[in-house]
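**Q** I would like the atomic coordinates for the input below:
(4 chains)
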There are 2 protein chains.
Amino acid sequence: MHEGQPASTYPATLSEVAKLARVSVSTASKAINGRGDVSEETRRRVVETADRIGFTPNQLARSLLAGRTGTVGLLTSDLEGRFVLPILMGAEDAFGAGQVNVFLCDARGDAIREQHQLKALLKRRVDGIIVVGRQTDARPSLGHSLPVPVVYAYAPSEDPSDVSLTPDNEAGGRLAIEHLLSCGRSRIGHITGDPSYAAAHDRARGVRQALGAAGLELRGEPMFSEWSERWGRDAAAMLLDQHPDVDAIACGSDQIARGVLDTLRDLGRRVPEDVAVIGYDNWEVLTTNARPELTSIDANLQQLGRESALALFKAMGPNPAQGTDGVRHLPVRLVIRGSTIARR
Amino acid sequence: MHEGQPASTYPATLSEVAKLARVSVSTASKAINGRGDVSEETRRRVVETADRIGFTPNQLARSLLAGRTGTVGLLTSDLEGRFVLPILMGAEDAFGAGQVNVFLCDARGDAIREQHQLKALLKRRVDGIIVVGRQTDARPSLGHSLPVPVVYAYAPSEDPSDVSLTPDNEAGGRLAIEHLLSCGRSRIGHITGDPSYAAAHDRARGVRQALGAAGLELRGEPMFSEWSERWGRDAAAMLLDQHPDVDAIACGSDQIARGVLDTLRDLGRRVPEDVAVIGYDNWEVLTTNARPELTSIDANLQQLGRESALALFKAMGPNPAQGTDGVRHLPVRLVIRGSTIARR
DNA sequence: GAAACCTACGAAACCCTTTTCGAGAACTCT
DNA sequence: AGAGTTCTCGAAAAGGGTTTCGTAGGTTTC
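**A** Residues are numbered from 1 along each chain as shown, chains lettered A, B, ... in the order given. So this is what the prediction gives:
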């Protein structure tokens, strides 16, 4: 039973190729990499031999010599969170096209574990690190004594001299309100999530700004509690009880918005005719399945991942970090669906 | 401006440590790794020096020599899919404790890209590969000519001589029905998703088996269409129209179940008193926010990830693959909530 | 005081590839 | 025919660490 390729034994080395092709190792190397002076005939012979025995250059040896590995570490504090995934995709995307591979490390939100993972990444000589947090609250810096550049995505670093990229939640809040205003609404309430999240306050601030700019005021105070449908249902009931005249509700998350929609339906209010509803996050499984489909704010997380990768690339390059430090707030995007504008 | 640690330049090498500690490289190596004969005094001096200049052993050099890198490739065909994530976590978990790091590669469901990523992983001399698919349908094998062991997770390989791990959807279908039966239900309908998915048919088969074993029949045929709330709503309306006496509905996904719940509520049927509803996947954001909370089948994906990692470990070890080939169907789990049993 | 033995350390080989530089061969030119 | 070019190729070093083996020095034993 002999298959075409040898199994369970690692690919041949360059010296084996060289021996079989009856040339020196150096010539074999040059032939395969298309460098140096090698006659066409020799090159052909070497490449043929390499193909025949399934030669795969050992990237370790190459990296050792080059001083760069072409790998980056993706250090996330919480894989479970649904925000890291699109970021991860974007980063993988931006790198993947080239020669860079990604080490994925999940620290489970544990600082000790994170230090452990960091050490492991440095031992493996990654060329750079992206740190992805689960919330937009600022997180401790990894410090500046690291031998590789670091970019913080989603959760910015507390240290302003680090490079951080995070979605612009304030602009998101404004965008939501501006959309509701442009739909002719003016009696607007705001139901949002856990007050321990910076995102909740940032978005609420944006909401207030946009209302203020239009000379309007929020109906009641922003309602904080938790990021759940249940809270959305309960809060909507309270809001409508205290302010029966609201014609729009801006929500801090799509889950909350789903709960709000439920309550409105139970109370016989039509959406969007009587009350317009807008969510946040554009979590497709929630927005496109809602009745009616839910208008929402999309944080462009995949784009954020790509930008993070690009920023890291830049920092890894020859002339790194020329004033690109600090927190960059990336623009968010409005996705309009049936919960704010009636279908024709 | 001189910080404690040198920045932007890679950690010192062993020879620098050796020079500063006035010993040879070999002695330094032995001192740091606790091997060989080194006097206590010398060891202390070397370790101290290493700490002082922030020496970090170069894993590349080590791997090159050892012939093993302590890395594995995680080749997923679709990062977006929500099933790969827990699997990935489980695998990361099982490896992370040790010295193994994970290369994450997303092939975007593209076979060409997959081959590309595979080549890259082999160049990097990973010790093994886990292939994670997005559906439970069988996928083409990567072949047996690879120099490293491969384990297929979620989507099994078409080749029965590969090692595959996938959730037992048939058992899941049975489990759902057995639970409904034990709740005293007997007039059961089945609404499920896209008929091009093996998962839909496997679960439907399990449903039929369990009903048959109890001497019962399904109310109507299993209803296939798509994995969405919308379909759940529409299908429930149809089912109740044709079989007004159903006292339980087994759903092919939590999304479908959410839609079913909506329709039941609209039609004034009480859940679970009049009709019990069970979902599938145990997607927490959907199940715990439903009214009432949704009973569901959990595929234990994180466990599946861990098992995959373990299987790979075994295959990477000294005596690999002794009859562990083939598709292993991992057990699923029932999670009971208010949609099948009334809260006290 | 010589033989036997330990201990602590260092020299060198090895892992695999790339790159530099030098050497021989073939060829051209005068 | 000798000098100068141009090609083609190989020897050797480098990259950073581990491991084997040899050796110098000191200690014990008879």
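**Q** Packing partners of the helix or strand of chain A with the lowest mean pLDDT?
**A** Counting by mean pLDDT, DSSP states H and E, the weakest-scoring helix or strand in chain A turns out to be helix A:84-96, with a mean of 87. Here helix A:84-96 touches strand A:71-76, strand A:101-106, strand A:128-132, helix A:301-316, strand B:101-106, going by 3 or more CB pairs under 8 Å, 6 or more residues apart in numbering or on different chains; DSSP states H and E. C-beta here means a position set from N, CA and C on the backbone, and glycine is covered the same way.
**Q** Going along the chain, name the helices of chain A.
**A** Defined through DSSP state H, the helices belonging to chain A, from first to last, are A:14-21, A:25-33, A:40-52, A:59-66, A:84-96, A:111-123, A:169-182, A:198-213, A:229-242, A:254-266, A:284-287, A:301-316.
**Q** shouldn't A:Gly70 be in contact with A:Phe95?
**A** No: assessed by CB atoms under 8 Å, A:Gly70 is found out of contact with A:Phe95, at 9.2 Å.
**Q** Mind listing the shared neighbours of these two?
**A** In terms of CB atoms under 8 Å, 6 or more residues apart in numbering or on different chains, A:Gly70 and A:Phe95 are both contacted by the residues A:Asn101.
**Q** For the stretch 201-344 of chain A, which residues score under the pLDDT cut-off?
**A** The stretch 201-344 of chain A contains residues with pLDDT under 70 at A:320-324, A:343-344.
**Q** Chain B contacts on that one?
**A** Applying CB under 8 Å from any CB of the partner chain, one finds that the stretch 201-344 of chain A approaches chain B through A:228-230, A:233, A:255, A:258-259, A:262, A:285-286, A:289, A:291, A:320.
**Q** just the buried members of the residues you listed?
**A** A:228-230, A:233, A:255, A:258-259, A:262, A:285-286, A:289, A:291 (16 or more other CB atoms under 10 Å in any protein chain shown).
**Q** Format the helices and strands packed on helix A:84-96 as JSON lines; extra columns: mean neighbour count and distance to DNA strand C.
**A** Putting those into JSON lines (neighbours: other CB atoms under 10 Å in any protein chain shown; distance: least, CB to the nearest atom of the strand, whole Å) gives the following:
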{"stretch": "strand A:71-76", "mean neighbour count": "25", "distance to DNA strand C": "17"}
{"stretch": "strand A:101-106", "mean neighbour count": "24", "distance to DNA strand C": "17"}
{"stretch": "strand A:128-132", "mean neighbour count": "25", "distance to DNA strand C": "21"}
{"stretch": "helix A:301-316", "mean neighbour count": "22", "distance to DNA strand C": "18"}
{"stretch": "strand B:101-106", "mean neighbour count": "24", "distance to DNA strand C": "19"}
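**Q** Which one of these lies nearest to A:Pro149?
**A** Between A:Pro149 and the helices and strands packed on helix A:84-96, the shortest separation by CB to CB is 3.5 Å, and it involves helix A:301-316.
**Q** Output the contacting helices and strands for the closest one.
**A** Right, helix A:301-316 is packed against helix A:84-96, strand A:128-132, strand A:150-153, strand A:163-167, strand A:326-330 by 3+ CB pairs under 8 Å, 6+ apart.
**Q** now do 10 Å
**A** Helix A:301-316 makes packing contacts with strand A:71-76, helix A:84-96, strand A:128-132, strand A:150-153, strand A:163-167, strand A:326-330 when contacts are defined by 3 or more CB pairs under 10 Å, 6 or more residues apart in numbering or on different chains; DSSP states H and E.
**Q** Highest mean neighbour count out of those?
**A** Each of the helices and strands packed on helix A:301-316 was given a mean neighbour count from mean count of other CB atoms under 10 Å in any protein chain shown, and the largest, a mean of 27, is that of strand A:150-153.
**Q** Is it in proximity to chain B?
**A** No: between strand A:150-153 and chain B, judged by CB under 10 Å from any CB of the partner chain, nothing touches; the nearest distance is 11.2 Å.
**Q** Quick check: A:Thr71 touching A:Leu122?
**A** No: counting by CB atoms under 10 Å, A:Thr71 does not reach A:Leu122; the two are 11.5 Å apart.
**Q** if I look at A:Val148, how far off is A:Ile130?
**A** For A:Val148, the distance to A:Ile130 (CB to CB, to the nearest Å) stands at 11 Å.
**Q** Many thanks, I have nothing further to ask.
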